[in-house]
Structure formats: C-alpha cells, structure tokens
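Colleague: Fold the following for me, if possible:
(one chain, ligands or ions: 1)
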Amino acid sequence: MAPSSFAKIALAAKVGVWDLYYTLANQVLPLRKVGSVTPEGHPGAGGKWPEFVPPKDGDSRCSCPALNAMANHGILPHDGKNISFEEMNHKIRATYNFGPSFCYFVPNYAAGMLNKTYGKDTFDLAELDLHNGIEHDASLIREDIYFEPDQSKPHVQFIKELLAEATGKDENGKAILTIEDLSRYSSKRRADARAKNPEFTLEKIHKTFGSSNASTLLTIFGGRVEDLETILLEERLPEGWESRILESYGLTIITFNAKTVNPVEKGIDEEKYLAEKKKAEEAAAGAPTEGEASSIAK
Ligand code: HEM
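Modeller: Next up, the predicted model:
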C-alpha cells in the first residue's frame with residue numbers, strides 16, 4: 001500500500017531525529033579500525049567476500065551497481081529476487097557502513113515507490129528501475145532508458161569517461177575522483193543527455209538522487225579509481241575491499257549531504273560545460289575564437 005503524505009512526513013521526521021543522534025554520536029565514539037570495518041560474522045569481514053558469480057539468464061539485476069554487486073557475491077539472493085526491504089536495510093548497513101537511518105529510509109522510500117509495505121513485502125532488483133522513481137535520466141554509469149531499456153547494463157563508455165576525469169591522488173600517487181571531477185562529469189552527462197534524448201526529463205528530486213547516488217563513489221568507495229573500475233565495470237567487490245567510512249554509526253544522511261552531495265550538486269554547471277565544448281570544437285576546426293572574430297570584424 002502506498003504511504004499517505006502524512007506517513008511520508010512522519011517517516012522523514014523520525015529518520016531526521018535518528019540521523020541527528022547518530023551524527024552526534026559519531027563525533028564522540030571511536031572510529032572503526034582500518035581492516036575491520038565490516039562487522040565480524042558478516043560476509044566481507046576481514047576483506048573476505050563470498051565468491052563472485054556473474055548473473056545468469058533470468059537473474060534480476062538493476063541500475064544500482066552496489067546492490068548488483070551484493071547479489072553477485074550472494075550477500076543478497078544471487079537471483080536478485082524476493083528480497084525483503086528489511087533484509088536490504090540490514091545488509092547494506094553491514095556491507096557498506098551507511099548509517100542506520102539511511103539504511104532504514106531508502107528501502108522504505110523504495111517500498112513506497114513500488115506501492116509495497118516495508119515490513120511485509122519483497123521485491124526483485126529489476127523493479128527498482130521504475131523510470132523516474134529513483135532511476136532517472138543522465139546517470140553517470142547507465143545510458144538513458146530511452147536508448148537502453150535494460151538498466152542493469154553498465155555503460156562502459158560512460159564509466160571509462162567518468163574515471164578518466166579523476167584529478168586527485170592518494171598518498172601512494174593513485175588516482176582519486178574528487179567532488180569537482182564528479183560535478184564536471186555530471187554537467188557533461190546532463191547537457192549531453194538533454195540534447196540527445198527526445199524524452200529527456202530531470203526534475204529537481206532526480207537531480208538530488210543523481211548527486212546522492214554518485215556521491216557514494218567518493219564516500220563509501222573513497223573515490224579510488226582502481227576499486228571503482230572493478231565495482232562499476234564488473235559489479236564485483238575487490239578482494240580485501242571494505243567501506244572507507246570509519247565512523248562507528250556509519251555515514252549519516254546529514255554528513256553525506258553536507259560534506260559531499262550538496263557540494264557535488266552545487267558544482268554542476270551545464271552552461272559552462274557547453275561553452276567549453278563549443279570553444280574546443282571551434283579551436284579544433286581552426287575557426288576564429290569569439291575574441292579573434294570581433295577583432296577581424298573591426
Ligand atoms: C537502499 C538501497 C538502495 C536502492 C533502492 C538503490 C537504488 C538505486 C537506483 C534505482 C539507482 C539508479 C539511479 C540512476 O538512474 O542513476 C542507483 C544508482 C546508484 N547507486 Fe544505489 N541504491 C541503494 C543503495 C546504494 C548503496 C548502499 C550504494 C553505495 C554503496 C549505492 C550506489 C549507487 C551508485 C554509485 C549508483 C550509480 C549512480 C549513477 O549512475 O549516476 N546505492 N541506486
């Protein structure tokens with residue numbers, strides 16, 4: 001049953017209070033130790049993930065690489081079917097160290113989106129691809145649904161372009177994606193998809209979802225390009241991998257939005273991307289730049 005507006009507001013208020021509590025508690029509790037972020041007794045503890053088995057025909061997969069990877073490792077059912085929303089809550093908490101408030105809220109939101117009941121119903125991964133539910137146009141790692149109805153397919157060209165944008169370096173000189181890199185590539189995806197897709201839509205809420213999903217690449221996955229190649233192209237968790245979030249209560253919604261999602265969204269500028277693209281095309285064609293053209297005219 002779809003939640004009423006009152007139920008939606010009550011859920012957001014409850015989660016907001018919880019999230020504030022976890023955010024404050026994280027300030028005083030000790031950090032988890034590197035190497036022991038995934039809890040003992042959970043798949044992935046000590047960096048040992050269950051065997052990776054790619055999906056076979058008939059398995060259900062979706063537009064979310066993080067959930068697909070969990071199914072590929074058998075943390076969620078390998079066929080991607082009949083998953084309870086509560087099961088997803090507890091498993092994303094242990095696998096990725098997102099905060100308990102996020103892990104409760106997003107599956108609840110998904111249940112509402114699918115007209116299902118959080119505490120009772122199940123879903124198949126592919127159901128999450130409901131267009132303009134959470135899934136939307138101009139994603140960073142999927143072609144728009146207008147061009148590719150199967151949203152479970154990683155779009156290799158976009159993933160390679162995205163990772164090639166990385167300008168950061170870690171302490172060992174390895175490539176790291178930054179907030180600015182993510183904003184720049186999102187500007188390109190939005191402007192290109194807007195120009196190319198005759199059925200393009202991107203409401204404000206879907207811009208926010210887009211920046212939130214993309215921001216997990218910087219937070220949970222630490223922006224590490226080497227890891228992201230495996231996670232995004234194969235939908236596999238690398239051997240020895242663990243969430244980069246060390247806080248005891250995980251990544252809370254407040255911290256996620258304040259430190260990453262909002263700065264990523266704020267930095268997205270389609271007009272700047274289009275102006276730079278035009279300039280580069282003119283330079284490549286040998287045409288006079290705007291400044292040169294006006295001096296010729298004089
Ligand atoms: C609570 C469960 C979750 C649900 C229901 C969910 C659902 C989705 C959906 C529907 C998309 C496609 C959005 C689009 O069109 O771009 C998506 C994308 C994505 N999600 Fe999830 N997700 C969940 C949890 C997670 C977690 C825990 C992570 C990270 C650890 C994550 C990382 C991503 C990434 C990186 C994308 C790709 C963004 C892009 O293409 O621009 N998701 N998710």
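Colleague: Pretty sure S187 sits against Y273.
Modeller: Yes. Here S187 lies in contact with Y273, judged by C-beta atoms under 8 Å, at a distance of 4.0 Å. C-beta here means a position set from N, CA and C on the backbone, and glycine is covered the same way.
Colleague: Distance-wise, check A285 relative to L274.
Modeller: Going from A285 to L274 by C-beta to C-beta, to the nearest Å gives 16 Å.
Colleague: swap that for N82, please
Modeller: Separation of N82 from L274 (C-beta to C-beta) stands at 45 Å.
Colleague: what do you get for A10?
Modeller: In terms of C-beta to C-beta, A10 sits 43 Å off from L274.
Colleague: more neighbours, those two?
Modeller: Neighbour count, other C-beta atoms under 10 Å: between A10 and L274, L274 has more, with 16 against 12.
Colleague: For that one, give its distance to Y185.
Modeller: Here the distance between L274 and Y185 works out to 14 Å (C-beta to C-beta).
Colleague: So which residues of the stretch 1-150 of the chain form strands?
Modeller: Secondary structure of the stretch 1-150 of the chain, counting by DSSP state E, counting those that start in this stretch: strands at 83-84, 122-123.
Colleague: So which of those strands is nearest A175?
Modeller: Closest approach to A175 among the strands of the stretch 1-150 of the chain is made by strand 83-84 (33.9 Å; C-beta to C-beta).
Colleague: Now tell me what touches that closest one from outside.
Modeller: Contact with strand 83-84 is made by L76, P77, D121, T122, F123, D124, L125, as judged by C-beta atoms under 8 Å, 6 or more residues apart in numbering.
Colleague: Mind checking the pLDDT average for it?
Modeller: For strand 83-84, mean pLDDT is 98.
Colleague: Now, of the contacts of strand 83-84, which are buried?
Modeller: Those of the contacts of strand 83-84 that meet the buried threshold are L76, P77, T122, F123, D124, L125, by 16 or more other C-beta atoms under 10 Å.
Colleague: Could I get those residues in a markdown table, plus columns for pLDDT?
Modeller: A markdown table is the format used below for the buried ones among the contacts of strand 83-84 (pLDDT from 0 to 100):
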| residue | pLDDT |
| --- | --- |
| L76 | 98 |
| P77 | 98 |
| T122 | 98 |
| F123 | 98 |
| D124 | 98 |
| L125 | 98 |
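Colleague: Out of the residues you listed, the closest to S63 would be?
Modeller: Using C-beta to C-beta, L125 comes nearest to S63 of the buried ones among the contacts of strand 83-84, at 9.1 Å.
Colleague: re earlier: let me know which of the strands of the stretch 1-150 of the chain is the nearest to the ligand.
Modeller: Of all these, it is strand 122-123 that lies closest to the ligand, at 9.0 Å by C-beta to the nearest ligand atom.
Colleague: Name the strands paired with the closest one and say parallel or antiparallel.
Modeller: Using DSSP bridges, the strands paired with strand 122-123 are strand 83-84 (antiparallel).
Colleague: ok now the partner strand, how far from the chain's centre?
Modeller: 20 Å (C-alpha atoms, centre = their mean, to the nearest Å).
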